[in-house]
Structure formats: structure tokens, C-alpha cells
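Trainee: no sequence for this one, just the structure:
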């Protein structure tokens with residue numbers, strides 16, 4: 001069964017480059033029953049849209065499963081960098097898009113900072 005494609009998704013080829021990194025976090029007690037590609041795409045969807053965990057589209061794995069992986073992947077190592085951060089950087093993920101209001105707020109803050117300097 002194929003699911004709807006989202007703008008936040010990455011290609012399977014790009015995912016194959018970061019999959020070993022993501023798998024390295026998981027303990028190997030039993031075989032994985034969920035497709036890590038789908039879990040990673042769900043995390044990207046959440047990061048891009050900012051939706052709540054429970055409002056994750058039903059086409060993705062259960063939100064509890066996605067959250068469990070997100071939690072494991074987000075734990076920082078001894079250098080303060082998480083596996084998720086490394087995977088996002090390696091996948092060339094651009095981050096969430098700013099809304100018009102956020103961009104306007106940034107411009108106003110920048111102008112306010114310049115006025116305070118003078």
C-alpha cells in the first residue's frame with residue numbers, strides 16, 4: 001500500500017544514506033516491525049508542519065511509535081549532537097518554512113536592533 005506523498009518526504013535513496021546512522025541507536029533485541037523510512041518521514045512532517053503528535057496523519061506509523069523513535073534519536077551524545085541532527089544535516093533537510101508573520105517579526109526585530117545600536 002502506498003501512502004500520500006508529502007512535501008517534507010525525502011527520497012528512499014537519500015534515506016538509504018542515513019539509515020545505518022538511525023539504526024545504530026536502536027537496541028537489537030527483536031526485529032524491527034516498522035519501516036524506518038516511514039518513521040523518519042513522519043518526523044520530517046512533524047518538524048515541517050509543527051503539528052501535534054496526535055494529529056500526525058494516519059498514513060504514517062502510530063504517533064506513539066514515531067514519538068518513541070524521535071525521543072531516542074534526539075538524545076545528544078557526549079558532544080551535544082543528536083543522531084537526529086546528524087541525519088537531518090546529512091539528508092540536506094532545510095527545516096521548517098517560516099510563515100509570513102514570522103518573517104515580518106524577524107524584520108521588525110532586526111530594525112529594532114539597528115535603532116538600539118544608534
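Mentor: Structure received. Bear in mind that the values here come from a model prediction, so they are computed numbers and not experimental data.
Trainee: can we go C-alpha only for contacts and neighbour counts from here?
Mentor: Will do.
Trainee: Could you pull up the residues touching the residue nearest to the spatial centre of the chain?
Mentor: Most central residue of the chain, judged by C-alpha distance to the mean C-alpha position with Cα atoms, centre = their mean, is residue 44 at 3.5 Å. With contact taken as Cα atoms under 8 Å, 6 or more residues apart in numbering, residue 44 is in contact with 8-9.
Trainee: now residue 45
Mentor: 6, 8-9.
Trainee: Buried among the residues you listed? Make that a ChimeraX selection.
Mentor: Typed into ChimeraX, the line below selects the buried ones among those, using 16 or more other Cα atoms under 10 Å:
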select :8,9
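Trainee: which stretches of the protein form strands?
Mentor: With strands called from DSSP state E, the chain shows none.
Trainee: Just name the shakiest helix or strand of it by mean pLDDT.
Mentor: Taking mean pLDDT, DSSP states H and E as the measure, helix 100-117 is the helix or strand of the chain with the lowest mean score, a mean of 59.
Trainee: Residue 67 contacts residue 53, correct?
Mentor: Yes - Residue 67 sits in contact with residue 53 when judged by Cα atoms under 8 Å, with a separation of 7.5 Å.
Trainee: Low-confidence stretches in the protein?
Mentor: Filtered on pLDDT under 70, the chain yields the residue ranges 1, 95-118.
Trainee: ok, back up a step: which member of the contacts of residue 45 is positioned nearest residue 59?
Mentor: Comparing the contacts of residue 45 against residue 59 with Cα to Cα picks out residue 6 as the nearest, at 10.7 Å.
Trainee: Let me see the ranges of the helices in this protein.
Mentor: Remark: helices assigned in the chain by DSSP state H are 12-23, 36-49, 63-73, 83-90, 100-117.
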